[in-house]
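# please find the sequence and the predicted model below.
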Amino acid sequence: MSTSSAVPIQIARRRFGETRRRDRWWIQPLAVFAGLSTFIVYATWAAFQGEYYTSGPYLSPFYSPEIFGASPHSWFGQKPAAWPAWLPFSPALIILPIPGFFRLTCYYYRGAYYKAFWADPPSCTVGEPRSSYLGENSFPLILQNAHRYMLFITIGVLTILAGDVWKAMWFTDPATGTASFGIGLGTIVLAANTALLGAYLLGCHSMRHLAGGCVDQLTRAPLGARAYACVSCLNRRHMAWAWASLFSVGFADLYVRLCSMGVWSDVRIM
Ligand code: FES
């Protein structure tokens, strides 16, 4: 008869940054830090401007939907008279928290900024600065679980952006005041941005659950199976869509802004 005894194993804690890895593991978190920081600084600056966000039929995606505002795109006209004087006003500040919070809680971005901004850990098998691990079960990280609910609200915002692309195809003649169909470079910039945002949003992990979770057996629901396959296909490149759409939404705002300021001239294609 054989006997066995448990041998306690001591796991040595690595110091911050300590690793046996020989590859350049720090390049990715550094690139993520630089990319996200640049976007956050630009988006915050642009959101507080409160001007130069429309040009002809174009509306910056940072400012859409324009709930209150001075432009013709505004849904309910000027900012309410009851708006507190001490509170800065910009149409973007009303709407931008929705896509902002959606991205903040995205499963891909979480993994990226936990590494790049909090070094928690900086990369796989690299020592981290903390000894405790609370996970996402307590405040504030428990709020990350709101991602699936934000998905529904963000789908609404994306639908409005698709409507903006349609509106960006109607150019008003200043002399007669009549609108005629056309396509400008700005139309293409807004359309490409909406397409990339759609690919990012439809490839969301929660969307995958939504598409596949409605049916127990996908083979019995061909439509559900097709939707699941489609979402899974986008999900496989979720990181690429996340970065492409982040760049495109920033560029779309910049394009409208510079056209509005007269720095760039929109090119009319049709
Ligand atoms: Fe990235 Fe939902 S997981 S958008």
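Nice, thanks for sending it over. Predicted model only: the values in this text are computed from it and were never measured.
# give me the contacts around stretch 41-60.
Defining contact as C-beta atoms under 8 Å, 6 or more residues apart in numbering, one finds that stretch 41-60 is touched by 62-63, 66, 71-73, 88-93, 96, 100, 164, 167-172, 184, 186-187, 190, 250, 252-257, 259-261, 266. In this view, the C-beta of every residue, glycine as well, is placed from N, C-alpha and C.
# now, which of the residues you listed lie within helices?
Within the contacts of stretch 41-60, residues falling in helices by DSSP state H are 91-93, 100, 164, 167, 186-187, 190, 250, 252-257, 259-261.
# show me how to select, in PyMOL, the buried members of those residues.
Applying 16 or more other C-beta atoms under 10 Å to those, the buried members can be selected in PyMOL as follows:
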select buried, resi 91+92+93+100+164+186+187+190+250+252+253+254+255+256+257+259+260
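# can you narrow the ones in helices among the contacts of stretch 41-60 down to the ones near the ligand?
Among those, no residue is within reach of the ligand (C-beta under 6 Å from any ligand atom).
# ok, now how distant is His205 from Trp243?
Plainly put, His205 is 17 Å away from Trp243 if you go by C-beta to C-beta, to the nearest Å.
# which of these two has more neighbours?
Remark: of His205 and Trp243, Trp243 carries more neighbours, 20 against 16, as counted by other C-beta atoms under 10 Å.
# and the pLDDT for Ser2?
Per-residue pLDDT puts Ser2 at 51.
# before we move on, what about Ala162?
Looking at Ala162, its pLDDT is 98.
# okay but it is in contact with Ala195, surely?
No: using C-beta atoms under 8 Å, Ala162 makes no contact with Ala195, being 9.3 Å away.
# all helices of this structure, in order?
Using DSSP H, the helices found in the chain span residues 27-49, 91-95, 97-104, 107-116, 147-167, 185-202, 205-213, 222-235, 238-261.
# confidence-wise, which of these is weakest overall?
When the helices of the chain are compared by mean pLDDT, helix 205-213 comes last with a mean of 80.
# relative to helix 147-167, how tilted is that helix?
Between helix 205-213 and helix 147-167, the angle comes out at 100 degrees (axes from the mean of the first three to the mean of the last three C-alpha atoms, to 10 degrees).
# flag every buried residue along helix 205-213.
205-208, 210-212.
# gap between that helix and the chain center?
With C-alpha atoms, centre = their mean, to the nearest Å as the basis, helix 205-213 stands 18 Å off its chain's centre.
# residue nearest the centroid of the chain?
The centroid of the chain falls nearest to Arg103 when counting by C-alpha atoms, centre = their mean (4.2 Å).
# which residues touch that residue?
Counting by C-beta under 8 Å, 6+ apart, Arg103 makes contact with 109, 242, 246.
# show me which of those neighbour the ligand.
By C-beta under 6 Å from any ligand atom, no member of the contacts of Arg103 lies near the ligand.
# run through the residues of the protein sitting next to the ligand.
106-108, 147, 204-206, 238.
# repeat the analysis, applying 8 Å as the threshold.
Contacts of the chain with the ligand, taken as C-beta under 8 Å from any ligand atom, map to 102-103, 105-109, 147, 151, 200-201, 203-207, 238, 242.
# surely Gly69 touches Pro91?
Yes: contact status for Gly69 versus Pro91: in contact at 3.9 Å, counting by C-beta under 8 Å.
# mutual contacts of these two, please.
Common contact partners of Gly69 and Pro91 (C-beta under 8 Å, 6+ apart): Tyr63.
# measure the closest residue to Ser265 other than its chain neighbours to Asp266 for me?
Spatial nearest neighbour of Ser265, chain neighbours left out: Cys259 (7.1 Å); criterion: C-beta to C-beta, 6 or more residues apart in numbering. Distance of Cys259 to Asp266, given as C-beta to C-beta: 5 Å.
# hang on, the earlier thing: adding distance to Tyr58, write the helices of the chain out as JSON lines.
Formatted as JSON lines, the helices of the chain follow (distance: least, C-beta to C-beta, whole Å):
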{"stretch": "helix 27-49", "distance to Tyr58": "15"}
{"stretch": "helix 91-95", "distance to Tyr58": "15"}
{"stretch": "helix 97-104", "distance to Tyr58": "18"}
{"stretch": "helix 107-116", "distance to Tyr58": "28"}
{"stretch": "helix 147-167", "distance to Tyr58": "8"}
{"stretch": "helix 185-202", "distance to Tyr58": "4"}
{"stretch": "helix 205-213", "distance to Tyr58": "28"}
{"stretch": "helix 222-235", "distance to Tyr58": "27"}
{"stretch": "helix 238-261", "distance to Tyr58": "5"}
